[in-house]
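> Sequence plus predicted model, see below.
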Amino acid sequence: MAHATLIVTCSGGTHFDRDHYVHVHLPLVLACWQRHGLESASAFFPRDANAADVSVGIYRFRDEDALHAALASAEMETVMADVPRFTDATVSRSMGTPL
């Protein structure tokens, strides 16, 4: 089976704490979702301070079933409860698998 990728984009809002996202949120997500097949988590930030998207998170899972298991897990509540601690931006999720 092919890997599956969850792309999380944060757009707009009035604040985004990059330090919290990288040093607290990503490790939290890894701790919560590794048991479901999450293999890695990365953060990317735009160079342009006026960009509509303030961050892009790339979460790579073992396969599509693992991705769906993580999103449906009890730990999802813990992951989402941390979001207001680093941003008030709109969070969007996209899923993809290799062609």
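Looks like it arrived, so ask away.

> what about the strands in the chain?
Along the chain, counting by DSSP state E, strands occupy 4-11, 38-44, 53-61, 90-96.

> Any stretches of the protein with poor pLDDT?
Applying pLDDT under 70 to the chain flags residues 1-2, 99.

> mind redoing it with 80?
Scanning the chain for pLDDT under 80 picks out the ranges 1-2, 49, 97-99.

> still on that earlier bit, need the strands of the chain in TSV with mean neighbour count and distance to H23, can you?
Where C-beta positions appear, they are placed from N, C-alpha and C, glycine not excepted. Formatted as TSV, the strands of the chain follow (neighbours: other CB atoms under 10 Å; distance: least, CB to CB, whole Å):
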stretch	mean neighbour count	distance to H23
strand 4-11	18	16
strand 38-44	15	10
strand 53-61	19	14
strand 90-96	12	19
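
> of these, which approaches L30 most closely?
strand 38-44 (5.6 Å; CB to CB).

> Who does the nearest residue to E64 once chain neighbours are set aside form a beta bridge with?
Closest residue to E64 apart from its sequence neighbours, by CB to CB, 6 or more residues apart in numbering: A4 at 4.2 Å. Beta-bridge pairing for A4 (DSSP bridges): F61.

> these two touch, right, A4 and A69?
No - using CB atoms under 8 Å as the test, A4 is too far from A69 to be in contact (10.6 Å).

> how many neighbours does R85 have?
12 (other CB atoms under 10 Å).

> Would you format the strands of the chain as a markdown table with distance to D82 included?
Output for the strands of the chain, formatted as a markdown table (distance: least, CB to CB, whole Å):
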| stretch | distance to D82 |
| --- | --- |
| strand 4-11 | 12 |
| strand 38-44 | 13 |
| strand 53-61 | 12 |
| strand 90-96 | 11 |
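
> Out of those strands, flag the one nearest A74.
A74 lies closest to strand 38-44 among the strands of the chain, at 14.8 Å (CB to CB).

> tilt between that closest one and strand 53-61?
160 degrees (axes from the mean of the first three to the mean of the last three CA atoms, to 10 degrees).

> residues making contact with strand 38-44?
With contact meaning CB atoms under 8 Å, 6 or more residues apart in numbering, strand 38-44 is reached by 3, 18, 21-22, 26, 29-30, 55-62, 66, 70.
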